[in-house]
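Q: here is a sequence with its predicted model. Questions after.
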There are 2 protein chains.
Amino acid sequence: MKLKLKNIQGSIVAPIGFLAGGVFCDIKKLGTGKGSNKGRKLDLALIVSETPATVAGLFTTNQVCAAPVKVCVERLKKKNLAQVVVVNSGNANACTGKQGMADAREMVSFTEKTLGLSTGRALVGSTGRIGVTMPMDNVRAGIMAAAMELGTTPAHADRATEAIMTSDTKPKQIAVEFLLGGKKVRIGGICKGAGMIQPGMSPTGARPAALPHGGLHATMLGFITTDAAVEQKVLQAALTEAVANSFNRITVDGDMSTNDTVLVLANGLAGNKKFKVQSSEFRVFQAALNHVCLELAKKIVRDGEGVHRVVTVRVNGAKTIQDADAAARAVANSALVKTSWHGGDPNWGRIIDAIGYSAATVVEEKIDIGYSAPGAKKILWSLKRGQPTKATFKQLCAAVAPKEFELHINLNLGKANAVMYAADLTEEYVDFNKGDVTDASSLGG
Amino acid sequence: MKLKLKNIQGSIVAPIGFLAGGVFCDIKKLGTGKGSNKGRKLDLALIVSETPATVAGLFTTNQVCAAPVKVCVERLKKKNLAQVVVVNSGNANACTGKQGMADAREMVSFTEKTLGLSTGRALVGSTGRIGVTMPMDNVRAGIMAAAMELGTTPAHADRATEAIMTSDTKPKQIAVEFLLGGKKVRIGGICKGAGMIQPGMSPTGARPAALPHGGLHATMLGFITTDAAVEQKVLQAALTEAVANSFNRITVDGDMSTNDTVLVLANGLAGNKKFKVQSSEFRVFQAALNHVCLELAKKIVRDGEGVHRVVTVRVNGAKTIQDADAAARAVANSALVKTSWHGGDPNWGRIIDAIGYSAATVVEEKIDIGYSAPGAKKILWSLKRGQPTKATFKQLCAAVAPKEFELHINLNLGKANAVMYAADLTEEYVDFNKGDVTDASSLGG
C-alpha cells in the first residue's frame, strides 16, 4: 500500500468545515483581581463541525470513571451524529456523584443550545482535579465566550489546544492530508497528557480481557477531526485499531486516569465515497489515522512530567500477544528500569529481572536484550540467550545516552510482538507530583 | 491464645546452638592497596547450627532465578537436614549460566568441607550484581575466614548481618523468647533489603496462581534460626503462612528480585516435644514466627531506598482475597500515590484512581478511604461511599504528616481483606537508582 501523507497546518481545523476556540473561564476558581497570572491559561475549548459528523470514541477502562466519560459512552451507544465537543481543563468532574452527572449533562445541553444544535449533538471531555464539583456558572460563561470566538485559523486551533492542557508543557497537534478514493481528505488532531499516563481504553469503557489494567491522570485526552466521509461503524473500527497501537501503548507513570478519552469526528465534507472495512480505501484511512494517533501519543510521552528520555520497548518472540504485552509493560513500568534509563545506565540486570517477574512466560536462557537508535536496523545486543555479549560497557552506555532510543527484547519462544512507548523516572517527576500541600487545589491530583 | 513474647538480644545466635560470623573477602573485587575503604564492608556470612536442623524455605517466583536459589530449591526438595547457610553480598550470581550453577554448588560443598559436614547440609544465598560470575577464590577464602571466626555472641550475629547488607543503611535483626509446650524456646532472625522490593515467594519458586507477580532487587534475604524442635513439614507450613503475611506483603518499588530467599533452621535444642499442624503448640509457634517475620519485613520497608514515609495500606470489604490484594498492590505501587505520600498530600483522587484501574472489582459509589495512626482504632475518613466527607484539608494533611500512618480502604462489597506495607517515592530513590555510569559495577543493579 502506498500512502503519501502530507503534513499540513491547523490541526483540528485543517479538515474542511471544522472550527475551534478556547477561552479562560476560571474553572479552577482562582478568582479575579489578583495580580498574578499564574494558572490563568485558557481552560475551556469548543471543537465544532459545521455539519453533523459521524463520531467514534474510546474511553478509560478505569472502574472509577468520570461523569463526562459516562455521558459520552451513553451518547455513542445511540450512534448519534455529533457536531461539537466541549472540553475543560482544571476540573475532571470525577468522583462528583449525582451532581457531577447533572453537570456533565448540563455541559452538553448548554453547548447544544448555545450553538443552536439538536439534542445529542454535543460530547464532553474534562481533565483536572478529582472530587470537586464543576463551577457551572463559569462553565456556562466559558461556553458562550468560546462560541463567540470560534474560527477556522490555526490560531483558533492553538487556543483550543492550550485550553485542554494541564501539566503539559507543550501543545500537541498534528494534521495530514492524503488521497482517499481520488479525493483529497484531511485528518487533524490535538491531545493533552503528561502524567497519570498509561491509558487502557475501550469503546464502551468496559474492560475486555485483553486490555491492560494500566492508565492516566493529568488524564489523556485526544480529539481528532476529519473531512473524510466515514460510516460510524467503520470509523469506530478504525479508531479502535489506531488507539490499540498508539495511545494504549504509552506509559509515563503506569497510572490510568478516570477520564481518558479519544474522540474522532468525520463530517464527510471532503466528498469521498464511503467505504467498507477491509476495502483498499479503509486501509488507506486506517494507515493515516494510525499515523495521527501514534504521533500524538508519542508527543505525550516526550512531554511526560519530568521526562528526560523516551524509550521504545519492543518485545518480540513471545508465545502470545498477552505475554508480549505483559513483558513490555513490566519493563516499561519498572521503577528500577526507569531510573536506570534516567541515569544513562544500560542495566540489563534490571530489565531481565522485570521480564522475569512479569506475567509473561519466559525462559531466562532464551532472552536477548539489545539497543538501537530509533528506527535503525542495527541492534547492539547486551544479552544473547540470557548471557552477556562482548559489547563493552562503554558501547552500551553510548547506546542508551541519546534522548530517544529503542530497547529490543526477544523472548525467542514464539511469534507474538508488542511495543510500549515509555519514559524514564526522574527527580523532577517526583518533585512535581509530591504536590504543594499549602494549596488544597492539589487534592485529587 | 495467650502468647507472651520476650524480646532478647543476639538475633540469629539467640537460639541455643547457633553460631554466626561475617568477613570481608572482596566479593566485588575492589582490589587491595587502595586508600579508600568505600564498599569494604563485610560481604560473606556463615550461619551455623551445632547440630543438624530441619529447614524450610521460600524463594522468588521470578522466572529469572539466580543459581543459589536453584541450589536451595533442589536441596529443600530432598528434605535434607541443614546445618549451615553461606551468604554473600556484592554478587547475586544471577544470569551467570552454567558457571553460576557450578559456583553455587561449589559454595555449598566447599562450606560443608570446611566445616566437616556431610554433603547436603549447606544452603546458600547471594545478593548483589547480576550477570557477573562469582570470584570463587575470594569466596573460598571468605568461607575459610568466616569459619575461623564463628561465635555465639551478639557481635558475631552483627557481623553476619552486616555481611549480607547491600544498599541497606541499617542492620535488621530480631530475637524473641517464649514458652512452647512448657519449654523456653527462641526464634531469631536477620534480613536485608532496601530496593527491588516486592517479594512474591513460594516454597519451590514456582508460581501459584494466587501469588502476585510482584517483587525485589537489592534482593530480600531473610534467615531465621530457632532452637524449637519442629518437623520439616510443620516448619514449612508455618514459614509459608508467616511469609504470606509479612515479606510477601511489602513493597518498596514494586520490583521482584531474582534472588529473594527466606530460610528457617530449627535445631530442636530447646527440647520441646514435637507438635502437629493445628495443635495449640503449632499456633503458639506460628504466632511467634509471624511476629518475627513481620517485624523483619517492616524493617525492610522503613529502610527502603530513599524512603521518608511508611504507609500500611489496608483494604477491607473486597469480594475476594485476590481482589483485596490487587487493590492494595495497585495503591501501594502507584507512582502518583507514592509521590503524594512523599509530599504529605492526602490525595484521595489518586488513591481511588488506582483502586479503579486495579484488577479488583470495585464500585466507585461504595468506596471508603480514610487514615489512622499505626494501630489506632480511630479513622479519619476522607471519602465515604465515593464522596468526600466533611474532613477538612488541614485535618487530612495532619493525618498523612507522620512518618508512619495507615491508609484504610473499604470496598464495601464483601468480606475479604488484604494489607500491604508500602513506602513513598522520593527524589532520593531516583537519585540512588539512576546509578553511576562511571562505574561498570553498577551493571545489574
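A: Nice, thanks for sending it over.

Q: please count neighbours and contacts with C-alpha atoms only from this point.
A: Noted.

Q: which elements pack onto the longest helix along chain A?
A: Using DSSP state H to define each element, chain A has its longest helix at helix A:280-302. Counting contacts by 3 or more CA pairs under 8 Å, 6 or more residues apart in numbering or on different chains; DSSP states H and E, helix A:280-302 is packed against strand A:172-180, strand A:183-192, helix A:232-244, strand A:416-423.

Q: let's have those in CSV, adding distance to chain B and mean pLDDT.
A: Shown next, in CSV, are those (distance: least, CA to the nearest CA, whole Å; pLDDT from 0 to 100):
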stretch, distance to chain B, mean pLDDT
strand A:172-180, 23, 98
strand A:183-192, 18, 98
helix A:232-244, 17, 96
strand A:416-423, 13, 97
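
Q: need these in CSV (columns: distance to residue B:375 and mean neighbour count).
A: Below are the helices and strands packed on helix A:280-302 laid out as CSV (distance: least, CA to CA, whole Å; neighbours: other CA atoms under 10 Å in any protein chain shown):
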stretch, distance to residue B:375, mean neighbour count
strand A:172-180, 48, 22
strand A:183-192, 42, 25
helix A:232-244, 45, 20
strand A:416-423, 38, 25
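
Q: how about the ones you listed, which one is nearest residue B:369?
A: strand A:183-192 (29.2 Å; CA to CA).

Q: okay, now the sheet partners of that closest one, with direction.
A: strand A:172-180 (antiparallel), strand A:221-226 (antiparallel) (DSSP bridges).

Q: rebuild the ones you listed as JSON lines, extending it with distance to residue A:282.
A: Listed next are these as JSON lines, based on distance: least, CA to CA, whole Å:
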{"stretch": "strand A:172-180", "distance to residue A:282": "9"}
{"stretch": "strand A:221-226", "distance to residue A:282": "14"}
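
Q: can you tell which of these is closest to residue A:312?
A: Within these, the stretch nearest residue A:312 is strand A:172-180; the backing value is 19.2 Å (CA to CA).

Q: just how off-centre is the closest one within its chain?
A: Relative to its parent chain, strand A:172-180 has a centroid offset of 17 Å by CA atoms, centre = their mean, to the nearest Å.

Q: with stretch A:46-61 instead?
A: 15 Å.

Q: which residues touch the lowest-mean-pLDDT helix or strand in chain A?
A: Every helix and strand of chain A was ranked by mean pLDDT, DSSP states H and E. The lowest is strand A:201-202, at a mean of 84. For strand A:201-202, the surrounding residues in contact (CA atoms under 8 Å, 6 or more residues apart in numbering or on different chains) are A:58-61, A:208, A:211, A:240, A:243, A:248, A:260-261.

Q: and that strand, which strands flank it?
A: strand A:44-60 (antiparallel).

Q: quick one, the partner strand and helix A:232-244 angle?
A: Angle of strand A:44-60 versus helix A:232-244, following axes from the mean of the first three to the mean of the last three CA atoms, to 10 degrees, is 80 degrees.

Q: got the buried residues for strand A:44-60?
A: Neighbour counts using 16 or more other CA atoms under 10 Å in any protein chain shown place A:44-49, A:51-60 of strand A:44-60 among the buried residues.

Q: same question for stretch A:381-393.
A: Neighbour-count burial for stretch A:381-393 [16+ other CA under 10 Å]: A:381-388, A:393.

Q: which SS state does residue A:356 fall under?
A: Put simply, residue A:356 is helix when judged by DSSP: H, G, I helix; E, B strand; the rest coil.

Q: which pair in the buried residues of strand A:44-60 spans the largest distance?
A: It's A:51 and A:60 that sit farthest apart of the buried residues of strand A:44-60, by CA to CA, at 27.9 Å.

Q: circling back to that earlier point, now the angle from the longest helix of chain A to helix A:232-244?
A: Orientation check (the same axes, to 10 degrees): helix A:280-302 against helix A:232-244 gives 40 degrees.

Q: okay, who's weakest in the contacts of strand A:201-202 by pLDDT?
A: Note: of these, the lowest pLDDT belongs to residue A:211, at 42.

Q: remind me which helix or strand residue A:157 belongs to.
A: In this structure, residue A:157 sits in helix A:154-164 according to DSSP states H and E.

Q: wait, isn't residue A:329 in contact with residue A:420?
A: Yes. Using CA atoms under 8 Å, residue A:329 is in contact with residue A:420, at 6.8 Å.

Q: wait, residue A:347 sits on residue A:339?
A: No. Using CA under 8 Å, residue A:347 is not in contact with residue A:339, being 10.0 Å away.

Q: which residue of these two possesses the greater neighbour count?
A: residue A:347 (28 against 24; other CA atoms under 10 Å in any protein chain shown).

Q: and the pLDDT at the more buried one?
A: At residue A:347, pLDDT is 92.

Q: how about the residues of the stretch 1-150 of chain A by chain B?
A: A:61-65, A:95-97, A:129-131 (CA under 8 Å from any CA of the partner chain).

Q: mind putting these in CSV, distance to residue A:117 included?
A: Converted to CSV, the residues of the stretch 1-150 of chain A next to chain B look like this (distance: CA to CA, whole Å):
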residue, distance to residue A:117
A:61, 30
A:62, 31
A:63, 32
A:64, 31
A:65, 27
A:95, 29
A:96, 27
A:97, 27
A:129, 30
A:130, 30
A:131, 30
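
Q: out of those, which are inside helices?
A: Checking these against DSSP H, those in helices are residue A:97.

Q: closest to residue A:278 out of the residues of the stretch 1-150 of chain A next to chain B?
A: Closest to residue A:278, out of all of the residues of the stretch 1-150 of chain A next to chain B and judged by CA to CA, is residue A:61, at 27.3 Å.
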